[in-house]
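Chemist: model this:
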Amino acid sequence: MSQTAGSAPLKLSQLQNFCKRDPAGYKEDYDAQSRRLTSLVGILLLSPNADPSPSLVELIQFMAAVSSSSYKGEESDRVAALLMELLVGTSNSSAAANESAATIPLLQSTIPLAALQLHRDIRKACVSALILMRNKGAVPPLRLLQSFFQLMAVVPDKNLRESLYHHIVNDIRNINKNGKKDEKLNRTIQSFFHRIVAASANESTAGAEDSPTDYAAKRAVQMICDLYRRNVWNDERSVHILATAAGSPNASVASRALRFFLNIEEAMALDQQSSEAKEWEGIDNINLHLHSKKTQAKKRVIEKQIKNRQRKQNAREHGIIANREDKGVEASKKLFPAIELLHDPQGLVETILKRIKSSGSNTYKFEVKMLMLNFVTRVVGNHELILLPLYPLLQRYMGGHQRDVTAILAYSVQSCHQYVPPEEIYGILKTIAHNFITERCSEEQMAVGINAVRSICARVPSVLSTEEDEKDEDGREISSSWDVEAFTRDLAGYAKHKDRSISIAGRGWVNFIREVHPSLLQGKDRGLVGAGLHKEGERPLRYGEVRAALGVEGADLLAAYEASKRRKEKGGKKNSAGSDDDDESESGWVEMNDGEGDDDDASESGWVEMNDEEAESDDEEAPDLVLLGEDNDAGGKEGEDDADDGERADDDEVDYSKLSKEERAKMQQEVSSTRIFTASEFAKMNKLVARQQQARRDPRLAAKLKRAIAKGEEFDDISDSDMDHSDDEDIHIKGAVNATDIMADAKRKRMSKAEKLEKIIEGRVKFESKERAGGSTNTEKKRKKNFAMSKFSFDTRKKIGEKNTAKIGRKQERSKLDGGGRDAKKRRRKF
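Modeler: Model prediction:
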């Protein structure tokens, strides 16, 4: 075909269409355009600063589109190599072209000067052409990855970097979409990302300027975070790459990784909730065509949408119920806790803590140090690590005038767990008490300090334990390190403080001690719960002390519940079998045969009244546990059934309420080792154990339960349904402690007498002096209006009507309660 310079743009679009229809017939024209592109690229490389040819951008797009569709193979590879040579230089493009599928060469931080000086329009056209070829499958993904990362790290073009970033993320998502993951390709790309992050961690120094490798590492970390949040790469390899980034000396790289670990669960949960809300909003909005013409087609569409909405509504309600019932491992997996997937958490937190301690005041910003402390304490609390140098470091930041001291206290709380030695916690408690819980501090500081102490002691209850061997002159137990009892009672005294926030924090401390170690409080402060637990000898475990479980907790209670249930079922069957015994009256009357009564004073109807004293004595005594069996079942069962019935009969005959602790423990071990519990049985055991624990705390409930046991009604208040579900839909992250959890309670403070008087005087002045300019308002005029003028107004008549209506309604209700009222007492006219 003959072409002129003036018709080149039009001929390119026509030639692209013809090449798609007949690739072999227009191969010569395509080769001519290919040679033209090669010559223009060579001229551009000689003088990259010069303005490019106007037709070069369109020619690049033409060659990328035609080579990736009509001439895929060697021709598309040649065009891709030419474009990458124009972008990143000859050496880098040849290295990327010769790489194998198993590995990618390490990122080179520099590209030739000619590639850097390339015009932005040409660079954008080349990137768009390569993305087009990749989307059509003409270029493998590993071939473009290194080149695009080099461009992102070196080229100062923000729009280009954003387009490259979104292409890489979307390309990886498309590779792993619809549940089809290419593990080999994913592993190769992840290893490339890991080498970039590791190179940045090894080369960079704290406080230095960012290098191209550091910028590439930041982009790699951001990509992995985005892919993890979208559930594309939520595996251990991605977490390991981010852990390497968290240990990087570069503040920007480390901050991105640390924020990921601290916020990813909440972010993913919010994304899931928003996506579900949007999906339901699209289904719920149905166009009923209320203001348009009704047709049969529209009616069918509306009915179909309504059925779809009902089906989605049922599935949604079923999912909500399933999520509420799922309290185990699956519920925790739905948040994808990245901190739980760390391979070496101990080494990571030691590295970060060493960097915090060794860095000077100008190495990292205070916000970055706080981020590192938050991450270290969260990992220590989640994995229950022993990191002893952490607690003296936290004490250094616990000054009364320290910046963000509430967050420091929250980090101290989340770094505590049951395996931390109490000697390390004593220092933190003393520092909090000296710097926050004193009269020289403000009310808010004192409340925060008391709440922090309570939270720490709740996580490390061994701090409140006392040595049994050491006692004072009065025989009271004391600790060798500090006086726990004096410290506890000192904080309990703040429960009666005049400030509202301090008194609330003090009462919270007293309630906590009542539950954990009530013997530390005075008798007047123990209350009902503390007195019951003190009588039971409740005390926290000492450090290193463990209560070995002999079986599943609550297995003995479940066996007792099932035996009681079987006895009632058999008793009901026996009562239903005898029809003559079902006519007992509720008032204690028993029917007698007429022929049996020899006494003339007996009632004609055959009823005999029983003594109330006998009935009361029967209620007070515990019923005898009798084996209830049916005679007609004795000869109709096999030997195995007889053995099973014999075992159940033995269980029914046992009075579980009279067993000792040793016998109950033995039975719990036997039941746990001989049966497999279902989910409903575990829920039932949790309910029974919770009731038993509540009875230990409440003497009234314990007495009520004792009376129920005596009557044989121990388990009457236990329903067969599963455990009650709470409606709390907040997102709970394991080990996380927010600063708002230990803040002072934001309630209105109690005003002093002087403040009340000042407010009264201020109100009087404000009432007397008018702050508003101009005349009186309509409300003021209405209030000052003469009563004779407003007596028959609409508002007055409406108010009177409402009062009369209410009066009539009350009169009607009263007449109903009186059995007719006045109307029932009217004299009837006689006819």
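Chemist: C-alpha from now on. contacts and neighbour counts both.
Modeler: Noted.
Chemist: where along the protein do the strands fall?
Modeler: 589-591, 607-609 (DSSP state E).
Chemist: what mean pLDDT does the first one get?
Modeler: Strand 589-591 shows a mean pLDDT of 42.
Chemist: repeat that for the last one.
Modeler: Taken as a whole, strand 607-609 has an average pLDDT of 44.
Chemist: ok, stretch 539-547 next?
Modeler: 83.
Chemist: just use 846 as the starting number from now, easier for me
Modeler: In the new numbering, first residue 846, that becomes stretch 1384-1392.
Chemist: what's in contact with that stretch?
Modeler: Contacts made with stretch 1384-1392 from outside it, assessed by Cα atoms under 8 Å, 6 or more residues apart in numbering, are listed as 1263-1264, 1266-1267, 1306-1311, 1361-1364.
Chemist: what about that stretch, how long is it end to end?
Modeler: 13 Å (Cα to Cα, to the nearest Å).
Chemist: buried stuff in it?
Modeler: 1384-1388 (16 or more other Cα atoms under 10 Å).
Chemist: what is the nearest of the residues you listed to Gly1226?
Modeler: Using Cα to Cα, Tyr1388 comes nearest to Gly1226 of the buried residues of stretch 1384-1392, at 16.8 Å.
Chemist: shaky segments in the stretch 1296-1445 of the chain?
Modeler: The stretch 1296-1445 of the chain contains residues with pLDDT under 70 at 1311-1326, 1416-1445.
Chemist: and with 50 instead?
Modeler: Within the stretch 1296-1445 of the chain, the stretches with pLDDT under 50 are 1314-1315, 1323-1324, 1424-1445.
Chemist: would you map the helices across it?
Modeler: Ranges of helices in the stretch 1296-1445 of the chain, per DSSP state H, counting those that start in this stretch, are 1329-1337, 1345-1361, 1368-1381, 1400-1422.
Chemist: most packed of those?
Modeler: Mean neighbour count (mean count of other Cα atoms under 10 Å) peaks for helix 1345-1361 among these, with a mean of 22.
Chemist: what helices or strands is it leaning on?
Modeler: Identification of packing neighbours for helix 1345-1361 by 3 or more Cα pairs under 8 Å, 6 or more residues apart in numbering; DSSP states H and E yields helix 1288-1304, helix 1329-1337, helix 1368-1381.
Chemist: identify all contacting residues around the second one.
Modeler: With Cα under 8 Å, 6+ apart as the contact definition, helix 1329-1337 has outside contacts at 1295, 1309, 1311, 1323, 1351-1352, 1354-1355, 1365-1367.
Chemist: pipe those residues into a markdown table and attach distance to Ala1112 per row.
Modeler: Listed next are the contacts of helix 1329-1337 as a markdown table, based on distance: Cα to Cα, whole Å:
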| residue | distance to Ala1112 |
| --- | --- |
| Ile1295 | 31 |
| Leu1309 | 37 |
| Thr1311 | 43 |
| Ile1323 | 47 |
| Gly1351 | 35 |
| Arg1352 | 35 |
| Trp1354 | 33 |
| Val1355 | 36 |
| Leu1365 | 43 |
| Leu1366 | 43 |
| Gln1367 | 46 |
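Chemist: now the helices of the stretch 1296-1445 of the chain as CSV including distance to Glu1081?
Modeler: Shown next, in CSV, are the helices of the stretch 1296-1445 of the chain (distance: least, Cα to Cα, whole Å):
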stretch, distance to Glu1081
helix 1329-1337, 44
helix 1345-1361, 39
helix 1368-1381, 46
helix 1400-1422, 37
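Chemist: these: which one's closest to Val999?
Modeler: Among these, the nearest to Val999 by Cα to Cα is helix 1345-1361 (55.6 Å).
Chemist: how far off centre is that closest one?
Modeler: 27 Å (Cα atoms, centre = their mean, to the nearest Å).
Chemist: how far off helix 1329-1337 does it point, in degrees?
Modeler: If you take axes from the mean of the first three to the mean of the last three Cα atoms, to 10 degrees, helix 1345-1361 sits at 140 degrees to helix 1329-1337.
Chemist: re earlier: quick one, which of the helices of the stretch 1296-1445 of the chain gets closest to Arg1161.
Modeler: Nearest of those to Arg1161, taken as Cα to Cα: helix 1400-1422 at 33.2 Å.
Chemist: name the residues that touch stretch 1050-1057?
Modeler: Here stretch 1050-1057 has contacts from 954, 998-999, 1049, 1094-1096, 1207-1209, using Cα under 8 Å, 6+ apart.
Chemist: separate out the buried members of these.
Modeler: Listed as buried from the contacts of stretch 1050-1057 are 998-999, 1049, 1094-1096, 1208-1209; burial here means 16+ other Cα under 10 Å.
Chemist: picking up where we left off before, between the contacts of stretch 1050-1057, which is closest to Ala970?
Modeler: For those, the nearest to Ala970 is Val999 (17.8 Å; Cα to Cα).
Chemist: gap between the closest one and Pro1094?
Modeler: 21 Å.
Chemist: give the other helices and strands that the longest helix that the chain contains contacts.
Modeler: When the chain is parsed with DSSP state H, its longest helix is helix 1096-1129. Contacts defined by 3+ Cα pairs under 8 Å, 6+ apart place helix 1096-1129 against helix 1057-1074, helix 1081-1091, helix 1141-1170, helix 1211-1228.
Chemist: and the contacts of stretch 1050-1057, which is closest to Leu1133?
Modeler: Distances from Leu1133 to the contacts of stretch 1050-1057, taken by Cα to Cα, are shortest for Ala998, at 54.1 Å.
Chemist: that closest one contacts Ile1041, correct?
Modeler: No: Ala998 is beyond contact range of Ile1041, at 11.2 Å (criterion: Cα atoms under 8 Å).
Chemist: overlap in contacts, these two.
Modeler: With Cα under 8 Å, 6+ apart as the test, Ala998 and Ile1041 both reach 1058, 1061.
Chemist: related to what we said a few turns ago, mind picking the two most distant members of the contacts of stretch 1384-1392?
Modeler: Tyr1264 and Ser1364 (23.7 Å).
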